[in-house]
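*Asks:* How does the following fold in three dimensions:
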Amino acid sequence: KTLPLDMIENMISINYKAVFKSIHSQIKNIAMVMVQQLGGDKNDLNSIMIEMENILSHSLRLMK
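*Replies:* Just a heads-up that it's a prediction; the model follows:
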């Protein structure tokens, strides 16, 4: 009574993608709040988002 390995891999992949999308959405929210609180503009928001996305991508690479 076991599940096929490819089915489990697919389920894990779907879950990782969902978690990544959720984290990415929250990163955007955090960046917007930071920029708003500190009186920044769209350029500040873009640079913060780029940096946070780089950090997230680096963290994901470390997990593999």
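*Asks:* how near is residue 46 to residue 20?
*Replies:* 20 Å (CB to CB, to the nearest Å). Every residue, glycine included, has its C-beta placed from N, CA and C.
*Asks:* I meant residue 39, not that one.
*Replies:* 30 Å.
*Asks:* Neighbour count: the two, which is higher?
*Replies:* Higher neighbour count among residue 39 and residue 20: residue 20, with 13 against 7, using other CB atoms under 10 Å.
*Asks:* Would you indicate which residues of the helix or strand that contains that one are buried?
*Replies:* Counting by DSSP states H and E, the element that carries residue 20 is helix 5-38. Neighbour-count burial for helix 5-38, counted by 16 or more other CB atoms under 10 Å, picks out 27, 31, 35.
*Asks:* which residues does the residue nearest the centre of the chain contact?
*Replies:* For the chain, the residue nearest the mean C-alpha position is residue 24 (3.1 Å; CA atoms, centre = their mean). For residue 24, the contact set (CB atoms under 8 Å, 6 or more residues apart in numbering) comprises 53, 56.
*Asks:* Report pLDDT for it.
*Replies:* Residue 24 is assigned a pLDDT of 90 by the prediction.
*Asks:* Then residue 62?
*Replies:* 81.
*Asks:* ok, and what's touching the host helix or strand of it?
*Replies:* Assessed by DSSP H and E, residue 62 sits inside helix 42-63. Helix 42-63 is contacted by residues 20, 23, 24, 27, 28, 30, 31, 32, 34, 35, 38, 40 when judged by CB under 8 Å, 6+ apart.
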